[in-house]
Every structure is written in C-alpha cells, then in structure tokens.
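Visitor: test case, fold it:
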Amino acid sequence: MESIVSKILDNMDIQILDILQKGAQVSNSEIAKRVNLSPPATHARIKRLENEGYINHHVAILNQEKLGFDLLTFIFMSTNIHQAEKLEVLEKALESMPEVLECHFLTGEYVYLLKVANKDRRELESFIRKLNRLGITRIQTSLALREIKYSTVLPIREDNNL
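Guide: Coordinates of the predicted model:
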C-alpha cells in the first residue's frame, strides 16, 4: 500500500528521516553509510528535508524525573470564549507557558488538551490558577502515575512492523 508520503519522498528520504528521528546525533557520514549514499549527497538531502519542513527540530529529549519534574499532568479544558481574536490570545498564552509540553485543540466535550510538566502539587495548583485567569471555564486534570510508552518516532517505514 503506497502512502501519500511515498509519492512525495523517495525511499532514501524515508530512510534518512527514520534514522534521524530515532537518533538525531547520528553523524552525517554514519547516515550516508546506512543508506548507501555519499556524505555530501546525504547532507544535501537532509538540508532539503529541513527546508521543505519534514524536519521541524533537532533536539535532545531530557529525563524529566531526573530534573525534578515529578508531576506529569493531562489537563482537559473548556472555555466560553468564542471570538477568534480572543481565542488566538488564549492560544498564544498557552504556547508561551513553559510548563505546557503539548497543547491540542479537540473535538468533543473539551476544547483543549494540555500535557503539563510540574515539579510538585504547588506548581500544578499555581498553573491551574493561571489557566483560570485566562478565561478557562472547565478544567479536568489527570495525573500520570506511570509512563507505559513514550515515543516521538513516527511509523514512516513500512518495514517497521517486521
């Protein structure tokens, strides 16, 4: 089954993206070896993939518990704000909050879902008070007790399931 991505990107691009998403610190020469391409050609492909927006960021994923962020919370929120300009202000405020790791606009009972990292209950309480000042009318929090799976790897290669 051919995906939309495979019509835009060739197999070499997919392989490079898969290697990078699994370990962004892999050297250009190592990627070139793995995909059987010259280092300059590999570098050119990576630059093209970045310029075309397939690669958003190169990051290190930190261990939140070792850094003292012991509370991971999922917060479902609703608001009575319906004017586009006011919603834009709200969303910009949510984007600017360092505690917010992810923010999703939803269908269904709640309008937003936040993934929030805090060090303790006091920080979480303070964060919820900030949300209330933004015009959030309904908040439901769920604390993550344990992480079963965490991944940033998209299943872009068809042979990933082998």
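
Visitor: which residues touch whatever helix or strand Ile16 lives in?
Guide: Ile16 belongs to helix 11-22 when assigned by DSSP states H and E. Helix 11-22 has contacts (C-beta atoms under 8 Å, 6 or more residues apart in numbering) with 5-6, 9, 26, 31, 34-35, 37, 42, 45-46, 49, 54-55, 58, 152-154, 156-157, 160. Heads up, the C-betas are built off the backbone N, CA and C, glycines and all.

Visitor: how does it look with 7 Å?
Guide: Helix 11-22 is contacted by residues 26, 31, 34-35, 37, 42, 45-46, 49, 54-55, 152-154, 156-157 when judged by C-beta atoms under 7 Å, 6 or more residues apart in numbering.

Visitor: ditto for stretch 38-46
Guide: Contacts of stretch 38-46 (C-beta under 7 Å, 6+ apart): Met12, Asp13, Ile16, Asn28, Ser29, Ile31, Ala32, Val35.

Visitor: contacts only, for the residue nearest the centre of the chain.
Guide: What sits nearest the mean C-alpha location of the chain, by C-alpha atoms, centre = their mean, is Glu102, with 6.4 Å. Contact analysis of Glu102 by C-beta under 7 Å, 6+ apart lists Leu114, Lys115.

Visitor: and whichever strand or helix holds it, how far from the chain's centre?
Guide: Assessed by DSSP H and E, Glu102 sits inside strand 100-105. In this view, strand 100-105 has its centroid 9 Å away from the chain centroid, taken as C-alpha atoms, centre = their mean, to the nearest Å.

Visitor: can you name the next helix or strand after that strand?
Guide: strand 112-118.

Visitor: the strands in the chain, which residues?
Guide: For the chain, applying DSSP state E gives strands covering 71-79, 100-105, 112-118, 136-143.

Visitor: out of the contacts of helix 11-22, grab the one that's most surrounded.
Guide: Thr42 (23 neighbours; other C-beta atoms under 10 Å).

Visitor: can I get the strands of the chain in JSON lines with mean pLDDT and distance to Leu90?
Guide: Shown next, in JSON lines, are the strands of the chain (pLDDT from 0 to 100; distance: least, C-beta to C-beta, whole Å):
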{"stretch": "strand 71-79", "mean pLDDT": "96", "distance to Leu90": "7"}
{"stretch": "strand 100-105", "mean pLDDT": "97", "distance to Leu90": "10"}
{"stretch": "strand 112-118", "mean pLDDT": "97", "distance to Leu90": "9"}
{"stretch": "strand 136-143", "mean pLDDT": "95", "distance to Leu90": "8"}
